[in-house]
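Novice: Fold the following and give me the result.
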Amino acid sequence: MTDPTVLLLHRWFEEVWNQGREEAIDEMLAVDAVAHGLGDAAGQTLIGPEAFKPFFRRFRAAFPNLQIAIDETITEGDRI
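Specialist: The predicted structure follows:
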C-alpha cells in the first residue's frame, strides 16, 4: 500500500475515528471538501472541517468506543 491517497484514507480512519483526534480533521480535510450524505440541523451539506466537526463530535459522543478496522482497500479510478 504505497498510494498516498490510500495512506491518507487509512490515516483518517485511524486518527479521526479510532483515536478521536479532532485536530486531525483540520490536518486532513480540505476546506472545500464535501461530506456527501451528511447534513447539518438545517439540512445543509457539510463542507470543510468546521462544518464536519459538529457531526464528528456527536458521532463520537454516541459511539465513544468506536473502532474501525480496514481489512481491504479497493481503488478504481478516482474512488477508494
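
Novice: So which elements touch the lengthiest helix in the chain?
Specialist: When every helix of the chain is counted residue by residue (DSSP state H), the longest turns out to be helix 49-62. Contact partners of helix 49-62 among helices and strands, from 3 or more Cβ pairs under 8 Å, 6 or more residues apart in numbering; DSSP states H and E: helix 23-28, strand 34-39. To be clear about C-beta, it is placed using only N, CA and C from the backbone, and glycine gets the same treatment.

Novice: Mind listing residues that contact it?
Specialist: Contacting residues not belonging to helix 49-62 are listed as 16-17, 20, 22, 25-26, 29, 31, 33, 35, 38, 40, 44, 46, 66 [Cβ atoms under 8 Å, 6 or more residues apart in numbering].

Novice: List buried residues within those residues.
Specialist: Val16, Trp17, Ile25, Leu29, Ala35, Leu46 (16 or more other Cβ atoms under 10 Å).

Novice: Let's see the longest helix of the chain as CSV, backbone CA atoms only.
Specialist: Extracted C-alpha coordinates of helix 49-62, given in CSV (Å, rounded to 0.1, in the frame of the first residue of the first chain):
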residue,chain,number,x,y,z
PRO,A,49,-13.6,20.9,8.6
GLU,A,50,-15.6,23.4,10.6
ALA,A,51,-18.9,22.1,9.2
PHE,A,52,-17.8,18.5,9.7
LYS,A,53,-16.6,18.8,13.3
PRO,A,54,-20.1,19.1,15.0
PHE,A,55,-21.1,15.8,13.2
PHE,A,56,-17.8,14.2,14.4
ARG,A,57,-18.4,15.3,18.0
ARG,A,58,-22.0,14.0,18.0
PHE,A,59,-20.9,10.7,16.4
ARG,A,60,-18.0,10.2,18.9
ALA,A,61,-20.3,11.0,21.8
ALA,A,62,-22.8,8.4,20.7
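
Novice: Report the mean confidence score over it.
Specialist: The pLDDT scores in helix 49-62 average 95.
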